[in-house]
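Undergrad: Sequence and predicted structure, then a few things I'm wondering about:
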Amino acid sequence: MASFDPDRISLPGGHYIHGRLVQETGTLPVSRPSDGKVYAMLPSADAGCVDAAVDSARRAFGGSDWARRPPRDRARAMRRWADLIEADIDYLAALESLGSTRPIDQARAWDVPYTAEGIRFFAEFADKCGGEVAATAHDHLGMQIAEPLGVVGAIAPWNFPLSMTCWKVAPALAAGNTVVLKPSEMTPFSAVRLATLAVEAGVPPGVFNVIQGSGPVAGEALCRHPGVAKVTFTGSTGTGRAVMRACAETGPKPVTLELGGKSPQLVFADVPDLDRTAQTLAAAITGNAGQVCVAGSRLLVERPLLEPLVERLQQCFATLEPGLTWHAGTRFSPLISDAQARRVETIVSRAREAGAELLTGGTRFDTESGGCFYRPTILQVGASDNPAVREEIFGPVLTIQAFDDEEEALGLAEHEIYGLAAGVHTADLGRALRAVRRLSAGTVWVNRYGRSRDYILPTGGYKRSGIGRDLGRAAYEANLHHKSVLVDLTP
Ligand code: NDP
């Protein structure tokens, strides 16, 4: 794809309620991460607006045939929706790219097609999970009938706006629920386009609504709304706690929370191809400039590999140049905001004060664009209580700790707070599987790092990295409840 002019992309501003764009005066400035320019003013949903969106979703749940139509028809509408998303790639990828950290090449190669295919994946469950027959005495028939929950409240983060929306919305809709989504106020527009395309594909108005606004106001009001049956959220562990509290105080209602991470990568001296391993490790911390919940941010390396691996990582990092997200060929993303850049700087500075040695990076790139680009950074750390090891940074900052044997590596891998993902790199299958058994992580990748294009493996956290699972059958089932029915068959 060629580069595009961000000033020429029209914006679907406003909320999207009951199949209609609701435009209000914008009060929240929205900036482009690449150059810091304020390019839109966003309306902020108040309690009345949240009420209207939830009411729309309730009416669509009870009044449209979405929950009751033959499930294959629901799946067909979702497949049409996925087709429209793919056909809209020029606009949708530009919309995603201009206001987020996603370079246009990646938005076209990954975010848009991955979103469309995710919708197809979840649509396929619609007519395959109706419940089950229970093992009861012969003169009775027991059944558990799977039914949708009602209105699902979804809160998506800014790091992958399209695909995170898909993870939250697609399983809920496929199961027959209706949805009110609040995207991040920093990346508000591509979700509105998705909702518009859903209606064009034949999804009834009100089944998928989008409200705009800030997390603490619009997000909180959505979580607290009595008409919302469940909340699914991706973001920080602190905000996850606030979401759960709001759901507990006004429900209780179920939550799915995909939260922070501090994922270790264990590299043993027997890896057969150190260049390849180094490329994998570099991509795992520099992809989306490290603003990834499963970023491989803690490197644990067997001592003889320490120097050669650092050297190779530095070579990989040196190839990354900051670029505007709307320029073709850009590989390295900006940080989402100046506040995020300052957060990264603060943690790096505290880490160094606590004894971490800066091996590379440690400053912003000097660019004239106005965006915040942080250099890929390596900190060598002795003690695991260093702030750079303890805290999620959400930037391209890798800590390195050396180990002398497997036991020590597994001990260092264990994090007090987080347990989202982990990587193991070794030629020894037995060792890899021993590590898989021992690691406290919702996902373990062996001799690779990061998701494939499959959707079947659920993702989620151990410890305070989350509750419940996105993706896979688990995500679909988390959008259903089961009604137990017992029928007396005696004549
Ligand atoms: P948050 O967790 O605060 O934001 C994530 C989403 O939650 C956004 O849509 C936000 O809306 C919304 N939100 C914020 N407060 C509330 C609330 N009280 N009730 C309901 N929804 C709310 O993350 P930040 O954007 O502040 O980023 C801070 C840190 O969080 C990052 O540095 C990173 O460590 C972590 N993070 C982790 C993510 C992950 O993928 N696990 C994704 C994003 C951040 P809005 O943006 O409009 O305020």
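TA: Thanks, I have it.
Undergrad: Show me what counts as buried in stretch 306-314.
TA: 306, 309, 310, 312, 313, 314 (16 or more other CB atoms under 10 Å). No exception for glycine: its C-beta is placed from N, CA and C like everyone else's.
Undergrad: What distance do you get for the residue in the chain that the ligand sits nearest to to residue 322?
TA: Closest to the ligand within the chain is residue 215: 2.1 Å, counting by CB to the nearest ligand atom. According to CB to CB, to the nearest Å, residue 215 and residue 322 sit 28 Å apart.
Undergrad: And residue 436, by the same measure?
TA: Distance from residue 436 to residue 322, counting by CB to CB: 37 Å.
Undergrad: ok so residue 399 is a strand residue?
TA: Yes: assessed with DSSP: H, G, I helix; E, B strand; the rest coil, residue 399 lies in a strand.
Undergrad: pLDDT score for it?
TA: Residue 399 is assigned 98 on the pLDDT scale.
Undergrad: Could you list the contact residues of the stretch 301-450 of the chain toward the ligand?
TA: 340, 343, 392, 394 (CB under 6 Å from any ligand atom).
Undergrad: Could you tell me which of those belong to helices?
TA: In this view, these that belong to helices under DSSP state H are 340, 343.
Undergrad: for the chain, what are the low-confidence residue spans?
TA: 1 (pLDDT under 70).
Undergrad: Next, the buried residues of stretch 470-484.
TA: Buried, per 16+ other CB under 10 Å, within stretch 470-484: 470, 471, 472, 473, 474, 475, 476, 477, 478, 479, 480, 481.
Undergrad: Leaving out sequence neighbours, find the closest residue to the residue nearest the centre of the chain.
TA: By CA atoms, centre = their mean, the chain has its centre lying nearest to residue 164, at 4.4 Å. Residue nearest to residue 164 in three dimensions, not counting chain neighbours: residue 156, with 4.4 Å by CB to CB, 6 or more residues apart in numbering.
Undergrad: Distance-wise, check that neighbour relative to residue 118.
TA: 13 Å.
Undergrad: Residue 51 now?
TA: According to CB to CB, residue 51 stands 30 Å off from residue 118.
Undergrad: the more surrounded of the two?
TA: Neighbour totals were compared for residue 51 and residue 118, and residue 118 leads with 24 against 14 (other CB atoms under 10 Å).
Undergrad: what residues does the helix or strand hosting the more buried one touch?
TA: Of the helices and strands defined by DSSP states H and E, residue 118 is found in helix 112-123. Under the criterion CB atoms under 8 Å, 6 or more residues apart in numbering, residues 74-75, 78-79, 81-83, 85-86, 89, 92-93, 96, 162-163, 165-167, 170-171, 173-174, 194, 453, 455-456, 475-476 lie in contact with helix 112-123.
Undergrad: which of those residues count as buried?
TA: 74-75, 78-79, 81-82, 85, 89, 92-93, 96, 162-163, 165-167, 170-171, 173-174, 194, 455, 475-476.
Undergrad: Out of those residues, which are close to the ligand?
TA: Applying CB under 6 Å from any ligand atom to the buried ones among the contacts of helix 112-123, none is adjacent to the ligand.
Undergrad: Mind checking which of those residues are in helices?
TA: Using DSSP H, the buried ones among the contacts of helix 112-123 in helices are 74-75, 78-79, 81-82, 85, 89, 92-93, 96, 162-163, 165-167, 170-171, 173-174, 194, 475-476.
Undergrad: thinking again about what came up before, and the residue nearest to residue 164, how far is that from residue 210?
TA: For residue 156, the distance to residue 210 - CB to CB - is 10 Å.
Undergrad: Settle it for me: which of those two has more neighbours?
TA: Using other CB under 10 Å as the criterion, residue 156 and residue 210 rank with residue 210 on top: 30 against 27.
Undergrad: burial measure for residue 357, as a count.
TA: So residue 357, with other CB under 10 Å, has 12 neighbours.
Undergrad: ok, for it, nearest residue in space, not its chain neighbours?
TA: residue 380 (4.5 Å).
Undergrad: What count of nearby residues applies to that neighbour?
TA: With other CB under 10 Å as criterion, residue 380 counts 17.
Undergrad: pretty sure it contacts residue 360?
TA: No: between residue 380 and residue 360 there is no contact under CB atoms under 8 Å: 10.0 Å.
Undergrad: Kind regards, and thank you for your time.
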